[in-house]
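>>> predicted model follows, preceded by the sequence.
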Protein chains: 4
Amino acid sequence: MKRIAVLTSGGDSPGMNAAIRAVVRKANFHGVEVMGIYHGYEGLIEGRMELMDLGSVGGIIQRGGTKLFSSRCPRFKEDVYQFRAIEIMKERGVEGLVVIGGDGTYRGAVGLTKKGFPCVGIPGTIDNDIPGTEYTIGFDTALNTVIESIDKIRDTATSHENSFIVEVMGRDAGDIALWAGLAAGAESILIPEEQYDIDDILSRIEHGVSRGKKHSIIIVAEGVMPASELAKILKEKANITTRVSVLGHIQRGGSPSARDRVLAGRLGAKAVEVLLEGKGGRAVGIKNHQIYDYDFEVAFTTKHKADLSLYSLSKELSI
Amino acid sequence: MKRIAVLTSGGDSPGMNAAIRAVVRKANFHGVEVMGIYHGYEGLIEGRMELMDLGSVGGIIQRGGTKLFSSRCPRFKEDVYQFRAIEIMKERGVEGLVVIGGDGTYRGAVGLTKKGFPCVGIPGTIDNDIPGTEYTIGFDTALNTVIESIDKIRDTATSHENSFIVEVMGRDAGDIALWAGLAAGAESILIPEEQYDIDDILSRIEHGVSRGKKHSIIIVAEGVMPASELAKILKEKANITTRVSVLGHIQRGGSPSARDRVLAGRLGAKAVEVLLEGKGGRAVGIKNHQIYDYDFEVAFTTKHKADLSLYSLSKELSI
Amino acid sequence: MKRIAVLTSGGDSPGMNAAIRAVVRKANFHGVEVMGIYHGYEGLIEGRMELMDLGSVGGIIQRGGTKLFSSRCPRFKEDVYQFRAIEIMKERGVEGLVVIGGDGTYRGAVGLTKKGFPCVGIPGTIDNDIPGTEYTIGFDTALNTVIESIDKIRDTATSHENSFIVEVMGRDAGDIALWAGLAAGAESILIPEEQYDIDDILSRIEHGVSRGKKHSIIIVAEGVMPASELAKILKEKANITTRVSVLGHIQRGGSPSARDRVLAGRLGAKAVEVLLEGKGGRAVGIKNHQIYDYDFEVAFTTKHKADLSLYSLSKELSI
Amino acid sequence: MKRIAVLTSGGDSPGMNAAIRAVVRKANFHGVEVMGIYHGYEGLIEGRMELMDLGSVGGIIQRGGTKLFSSRCPRFKEDVYQFRAIEIMKERGVEGLVVIGGDGTYRGAVGLTKKGFPCVGIPGTIDNDIPGTEYTIGFDTALNTVIESIDKIRDTATSHENSFIVEVMGRDAGDIALWAGLAAGAESILIPEEQYDIDDILSRIEHGVSRGKKHSIIIVAEGVMPASELAKILKEKANITTRVSVLGHIQRGGSPSARDRVLAGRLGAKAVEVLLEGKGGRAVGIKNHQIYDYDFEVAFTTKHKADLSLYSLSKELSI
């Protein structure tokens, strides 16, 4: 291979730039050129790409977001656009593609690979919900953003002896809620993977009050219900007044943490290695500290599982 | 005077602890003891107070919130509770009171002073809306929290070329929105002091698009309207889709900035000086870098004015 | 067991408070009381301990340092002091001890265990150098502190086109230098585990210059040599002027990262479980995401190994 | 005027990018073009400049360092280079120049103005030492960086009951030491403006010890002496062991604070206004919250004075 390409797609996550940098530098290290494709699959279809040299990825390792921009591209599900994409890449001398994103991003890569164009996927999403890898790029940074926010909210909660419900990202995966809740010492954590129990939440608040602790912090993953809805339930069921904070999009941004940058570096380099070995249709991931590659199918046919031992631990530590 | 007391009341703000520390240390420096009253006026009525020595304010200068807790105490408007408060303080040998908070807090202090008990007020609120002082303790920290959040949101906005509406605190005062908007390079800023102009907002977004900049950040003070309402208006009027972020209570917390800590130290020390001079019914503030004291009436009879030159500047710089 | 004790010893690390909190809460969860011993083994010998209830560990999960204070206690190597420590603990009804610290801390715990008093060790050190566990509490926070500092130094390095040598902690273990160097995109990394090669460092600087990049960041672990010495060598060998930054003690402090808090929670809980099972002479650690316990001997007889695949990766990515 | 230019020179400071952005946007607002000169006066002599449009200053308001690079250029003192600079600017149609930097930077601008080319200076330095302006761009950010570092050091100091000497920037001006020392609650502060008194430092440490506080933090401005020298003195005079931390170049970097960004925006806009009014030989500054311009001579003939009331306050609050 003489030239490969790289794109980012779907929701952005901190560390995507570090991954792009690693792809470019690792490829250059092996004498392979890299084209950067702008705006994900949408830009690919339209041929928006540019050669990236070492300088083009200078000073981006610490930046949030993605230098290559991202987008959602529903029409890329259609074969016609996938064929066009392959045609365009071939015209530009591109022989393999690295995609960085979530499972939606992987589906596009599967389509291209099936049509004969080798693609490798790097897991970039704050939700940590890609099967086959223990961590995704951006998850660690998002966790730190969430706990810094909760630390601030706790200042106010403690001073006023108020209870707060903090809503964090996670439609199907409770990883952010679970880890951040444990790290922030939340009294209750609600995740999509576990049935919540209003009586347990109430008894935890009341137990705190009984020992003189009048504030309480409850974390809820957006996939369970909006924080405002939970507030309404607590009000109706037990006349408990809570304040609500929806952390929202600040969770996607920010300078990536050390872990996310190292993970991005390792996965980016591995993705290039896989392509250079002539393999396609593979995702790269981390398992027991080892970087490895696996068939995209694993990402579609298995289900990501949050570490529920953290859930029981959080219950024991938040008595 | 041999002994004074200090309390925090109303919404908490970063730097209140630094102010408490300064009150205790400055008083101790002059050989005067300080009682810390817990939970604001509510705790005062109930006699919840304790002697604070130098060690009791060790390691708090950098902490958000208030070590003395805060509360709202509507019944303190009634004379009967004010008389009770004075009685309790006299029993404990307290001869003067420093209150830290916003204008609601000042009203209680006026009542006590009128009944013969000297009180001095320190402006502690993130809203920067106390007449007579150019800055309040907590404003600078809140600004930095807001711009760090917007910097994160910008990562995502840029990567996805989305527009965001960010709602910040400020019911009557637009200071947070104005300063943070200017500091974050927001395209439009909506504050209670100025009539907003939807057409201007739209033309700014469109002008950005016309020169290739597809994302835009709009800051709205909560006193103008909820961010979600503005989003609806933009959608209806011009079919522009925006994402919404309500920063909420994270704005009240966090370790105070250098400016807020220095301001808290200076105002706390001044408050003690004023009491020791035998004066009551005074607020302390900063004007042209000088710390001074003024009659509480100034805080009630004049109106805080945001620096609207920043508003016109922001319009010129966000073309 | 009805009552156990906990102490922190040796160099402090961010997350020690989160570990103390977990020990207290997990023990309380099982109906076991916890005595907090102040000032490590020194305080133990002198009987400085206090019962810790749930409230005593409230609001500490996010704090750097250790609420129980730490100290070095060379005389604790002597049997006479270990016997005295056991006597004191028995007098207070303490039946087991959790120690948090590095390998020096573990040695004291081995002595006590051999004399019949069950002890369990939790790895708390930023250096990540305890054999038997993949991560120690504080390492992740230290990494993030280091990369934030390097990100700041890079601003200046880039603007002025200067080269910087940044000295980080790590006498025998290069983990901080290695991970932080990779995460910060350093041009060269010097660690105790690998022989450095001045010619390679020089050729990396020169290669950067040849492609127009005039600044360069070199990370050196303190165990290799002081940054100032490396600066002298570069000056003498190639007339290259570098600026030097010794990060120093800021690396030990700060609010713990999400990872460190979660790790502290898991290890703290496990340590209590091990004691309650009647086991002593054990360290707790993490391996492949599983929390487990192992004989203290492992920590003394094996050697921690940095992941040197990161070292070769850093060389490939910093071309 | 149809076209002006802007450069940054001397030591960089956080907020320089925000100032560049303001210059470009304010000029564009008035229909005036801006050339960005790279590498300060050195680049000017060599004609390294480029037209900056609105997009060229997008996404830089939050970045440390300077997008235009900086350098020191000793030969610019010579008339021949100043004439060459003017010639080059005239060739490119540039009619006025904005320089951002410290007093060395201002001297070059004075030379150009005297030769008939109008220049305006913006104070960009972390040292806060430019006469005629109360604040310089970068000072506030540096303060916050310093206190965050001291907060981390305090974690370790408290846990180990050690004393620390922290060396901060400031050769002739003690502003950083003074403000940061007050904000961080340092026990002693040594600044170039005041004779230090070792006995006072010792008695403060001892007084702390006598009331059970065994750690102490001393801030020393680099202009007084190196921290290591002070440590030696304390060791020799009173056998007090201290640890030393030299904060160094991290003080120059980092994302600018809200205050610095707002100040940069205001000063940048004012500089353009002054040039457009046809004035040269002026510096812009802030006094009592008003932005104004003044003759460069003020910066050379008067002396910056630190607010020494903060010094006495710090002594009263650190008893």
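In hand now; what should we look at? Numbering: from 1, shown residues only, chains lettered A, B, ... in the order given.

>>> quickly check: stretch A:280-290 near chain C or not.
Yes - against chain C, stretch A:280-290 shows contacts by Cβ under 8 Å from any Cβ of the partner chain at A:288, A:289. No exception for glycine: its C-beta is placed from N, CA and C like everyone else's.

>>> ok, and what's touching that stretch?
A:96, A:106, A:109-110, A:113-114, A:117-123, A:130, A:132-135, A:263, A:266-267, A:270-271, A:274, A:291-296, A:298-299, C:134, C:288-289, C:307 (Cβ atoms under 8 Å, 6 or more residues apart in numbering or on different chains).

>>> out of these, which are buried?
With burial judged by 16 or more other Cβ atoms under 10 Å in any protein chain shown, the buried subset of these is A:96, A:106, A:109-110, A:113, A:117-123, A:130, A:132-135, A:263, A:266-267, A:270-271, A:274, A:291, A:293-294, A:296, A:299, C:134.

>>> number of nearby residues for residue A:7?
32 (other Cβ atoms under 10 Å in any protein chain shown).

>>> please see if stretch A:64-71 touches chain D.
No - Stretch A:64-71 stays clear of chain D (Cβ under 8 Å from any Cβ), getting no nearer than 9.4 Å.

>>> give me the mean pLDDT for that stretch.
The pLDDT scores in stretch A:64-71 average 96.

>>> do that stretch and chain B meet at all?
Yes - counting by Cβ under 8 Å from any Cβ, chain B has neighbours in stretch A:64-71: A:64, A:65, A:66, A:69, A:70, A:71.

>>> what separation is there between the closest residue to chain D within the stretch 101-250 of chain A and residue B:247?
Closest to chain D within the stretch 101-250 of chain A is residue A:148: 12.9 Å, counting by Cβ to the nearest Cβ. Distance, residue A:148 to residue B:247, using Cβ to Cβ, to the nearest Å: 13 Å.

>>> which one's more surrounded, these two?
residue B:247 (27 against 22).

>>> these two touch, right, that one and residue B:165?
No - when contacts are counted by Cβ atoms under 8 Å, residue B:247 is not listed as touching residue B:165 (11.3 Å).

>>> domains for chain A, by residue range?
Using automatic domain parsing, the domain parsing of chain A gives A:3-138+A:256-301, A:140-252.

>>> out of those, flag the one nearest residue B:55.
domain A:140-252 (20.5 Å; Cβ to Cβ).

>>> contacts only, for residue A:187.
A:201, A:204, A:205, A:208, A:216, A:217, A:218, A:318.

>>> for it, what are phi and psi?
Dihedral pair for residue A:187: phi -70, psi -40, per degrees, to the nearest 10.

>>> and for residue A:59?
Torsion angles, degrees, to the nearest 10, at residue A:59: phi 70, psi 20.

>>> what is the neighbour count of it?
19.

>>> secondary structure element for the closest residue to it other than its chain neighbours?
Leaving aside its sequence neighbours, residue A:59 sits nearest to residue C:158 (Cβ to Cβ, 6 or more residues apart in numbering or on different chains; 6.5 Å). Assigned by DSSP states H and E, residue C:158 belongs to helix C:139-160.

>>> quick one: average pLDDT of that helix?
Per-residue scores along helix C:139-160 average to 96.

>>> CA atoms only: put that helix into PDB for me.
Output of helix C:139-160 as PDB, limited to C-alpha atoms (Å, rounded to 0.1, in the frame of the first residue of the first chain):
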ATOM      1  CA  PHE C 139      -0.800   7.400  38.700                       C
ATOM      2  CA  ASP C 140      -3.700   8.500  36.400                       C
ATOM      3  CA  THR C 141      -4.100  11.800  38.100                       C
ATOM      4  CA  ALA C 142      -0.300  12.500  38.000                       C
ATOM      5  CA  LEU C 143      -0.400  11.700  34.300                       C
ATOM      6  CA  ASN C 144      -3.100  14.200  33.700                       C
ATOM      7  CA  THR C 145      -1.300  16.900  35.800                       C
ATOM      8  CA  VAL C 146       1.900  16.300  33.700                       C
ATOM      9  CA  ILE C 147       0.200  16.500  30.300                       C
ATOM     10  CA  GLU C 148      -1.700  19.700  31.300                       C
ATOM     11  CA  SER C 149       1.600  21.200  32.300                       C
ATOM     12  CA  ILE C 150       3.300  20.100  29.100                       C
ATOM     13  CA  ASP C 151       0.300  21.500  27.100                       C
ATOM     14  CA  LYS C 152       1.000  24.900  28.700                       C
ATOM     15  CA  ILE C 153       4.700  24.600  28.000                       C
ATOM     16  CA  ARG C 154       4.000  23.700  24.500                       C
ATOM     17  CA  ASP C 155       2.100  27.000  24.000                       C
ATOM     18  CA  THR C 156       5.300  28.800  24.800                       C
ATOM     19  CA  ALA C 157       7.600  26.400  23.000                       C
ATOM     20  CA  THR C 158       5.600  26.700  19.800                       C
ATOM     21  CA  SER C 159       5.300  30.500  20.000                       C
ATOM     22  CA  HIS C 160       9.000  31.000  20.500                       C
END
